[in-house]
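Visitor: Here is my input, please return the structure:
(one chain, ligands or ions: 1)
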Amino acid sequence: MPPLYQRILLTGANGLVGQALVERLSAEPEVDLLATGRDAKPRFTTGSCGYTPLDITDDDAVRRLFVDFAPSVVINCAAVTKVEDGEANREACWNVNVDAVAALGQRCKVQGARLVQLSTDFVFDGSSGPYDERDRPDPINFYGRSKWASENAVRAAGLRRWTIVRTALGFGTGTNLTRSNFGLWLTERLQQGILTEVCTDQIRTPTYIPDLADGIARAIRLGKNGLYHLAGREIISVFDFARRLAERFDLDPALITPTTTDVLHPDAPRPLRTGLLILKAETELGYKPRALDDALDHFGKRLGLPVSTS
Ligand SMILES: NC(=O)c1ccc[n+]([C@@H]2O[C@H](COP(=O)([O-])OP(=O)(O)OC[C@H]3O[C@@H](n4cnc5c(N)ncnc54)[C@H](OP(=O)(O)O)[C@@H]3O)[C@@H](O)[C@H]2O)c1
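Guide: Just a heads-up that it's a prediction; the model follows:
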């Protein structure tokens, strides 16, 4: 069993997943959490923990933080996450998503710390999802390749304690997020009455980010090594997900118009049929993501949206 008391260093804490983890982990009495991000000050407003600026590509700063904080767990949420950015700035993407992860792996090895690395359904080619942990990755865009390489960097680091968590189509709320997410972006557009094209040919397992954060907390508490898929429990097209969201909050579903991936994303291909199967996480971690409608209700409540009664 892992030690009861954990000193957790969180990177990329100002992003969507990072903010949810701050909220989730600062509620745990046996966790000493230090959140880090590129900003001088934290963006998150919920949860309480220490914060210090950190760019994970700055090896010297990472080294100093390991000396000062002596983490028993490092959760790496820092990443280049925009697919188009990854494609346009490949070197910068690789530096953050792969090289910095390999360096974190080496630091964790020396420290004897667990490394928890976030990854994605985009490691798959999308020809035959949904996928479980035994399926073979074969990414089709640069972002996906970098995330698959990040997983391999963790596996190759020789760590005694490591966890890789893949997730898919995350939606949730946060404060001053630099990058929106599909749920927030769509809600804002529908509220403004903007006609919005959404792909019918992308199949996903939409993941409510607080559920993901809970799954990560469970993996750490149980000291689980290896690869886990932590996603939502429903397999659905992005188009149908969009309509569900609209209907749930009495927004106009007619504003959502069908399109296809090749039309919407000509510059960076997307895997079509992904979706992540979560049986292993349910069995080994007791991971219990909400049903999609319950997740939407929780999401809507946080945004102050009225839930439809029809
Ligand atoms: N959300 C999803 O749907 C989803 C799906 C699959 C996998 N994931 C994985 O989950 C992880 C977290 O993603 P997210 O959704 O939270 O993305 P996000 O909201 O874009 O957050 C990523 C964070 O990383 C930070 N960052 C980028 N480069 C950095 C660097 N060199 N040093 C320190 N921080 C850096 C970003 O800071 P700036 O704001 O300053 O750029 C941002 O705060 C990623 O590994 C991603 O691949 C997410």
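
Visitor: is it true that D39 touches L54?
Guide: No: look at D39 against L54 with CB atoms under 8 Å: they stay out of range, at 10.1 Å. C-beta: built from backbone N, CA, C; applies to glycine.

Visitor: Can you give the domain ranges for the protein?
Guide: What automatic domain parsing lists as the domains of the chain is 6-170+206-229, 179-204+234-275+290-303.

Visitor: Now do the contacts for the residue of the stretch 1-150 of the chain found nearest the ligand.
Guide: Proximity to the ligand, evaluated over the stretch 1-150 of the chain using CB to the nearest ligand atom, is greatest for G15 at 2.0 Å. Residues near G15 by CB atoms under 8 Å, 6 or more residues apart in numbering: 37, 77-78, 81, 174, 177-179.

Visitor: Quick check: the gap between it and D135.
Guide: Separation of G15 from D135 (CB to CB, to the nearest Å): 26 Å.

Visitor: and what of I194?
Guide: 37 Å.

Visitor: Looking at the two, which is more packed in?
Guide: Shown here are I194 and D135; by other CB atoms under 10 Å, D135 has more neighbours (15 against 10).

Visitor: Go ahead and confirm that one touches F124.
Guide: Yes: at 6.7 Å, D135 and F124 qualify as touching, with contact defined as CB under 8 Å.

Visitor: picking that back up, tell me the buried residues within the contacts of G15.
Guide: Using 16 or more other CB atoms under 10 Å as the burial test, the contacts of G15 include 37, 77-78, 81, 174, 177 as buried.

Visitor: Can you tell me the number of residues neighbouring G112?
Guide: So G112, with other CB under 10 Å, has 12 neighbours.

Visitor: May I have the phi/psi pair for it?
Guide: Reported as degrees, to the nearest 10, the phi and psi values for G112 are phi 70, psi 20.

Visitor: Give me the pLDDT value at it.
Guide: According to the prediction, G112 has pLDDT 98.

Visitor: And it, how far from W162?
Guide: 12 Å.

Visitor: now L245
Guide: Distance, L245 to W162, using CB to CB: 35 Å.

Visitor: next one: R107
Guide: Plainly put, R107 is 13 Å away from W162 if you go by CB to CB.

Visitor: Among the two, which residue is more densely surrounded?
Guide: Shown here are R107 and W162; by other CB under 10 Å, W162 has more neighbours (23 against 20).

Visitor: count of residues packed around the residue in the stretch 151-300 of the chain positioned nearest to the ligand?
Guide: Residue of the stretch 151-300 of the chain nearest the ligand, by CB to the nearest ligand atom: G170 (2.9 Å). Residue neighbour count, defined by other CB under 10 Å, stands at 23 for G170.

Visitor: Enumerate every residue touching it.
Guide: Going by CB under 8 Å, 6+ apart, G170 touches 16-17, 181, 206-209, 212.

Visitor: per-residue confidence for it?
Guide: Looking at G170, its pLDDT reads 98.

Visitor: Show me what it is bridged to.
Guide: For G170, the beta-bridge partners are T207 (DSSP bridges).

Visitor: how far away is it from L279?
Guide: Noted for G170: a distance of 20 Å to L279, by CB to CB.
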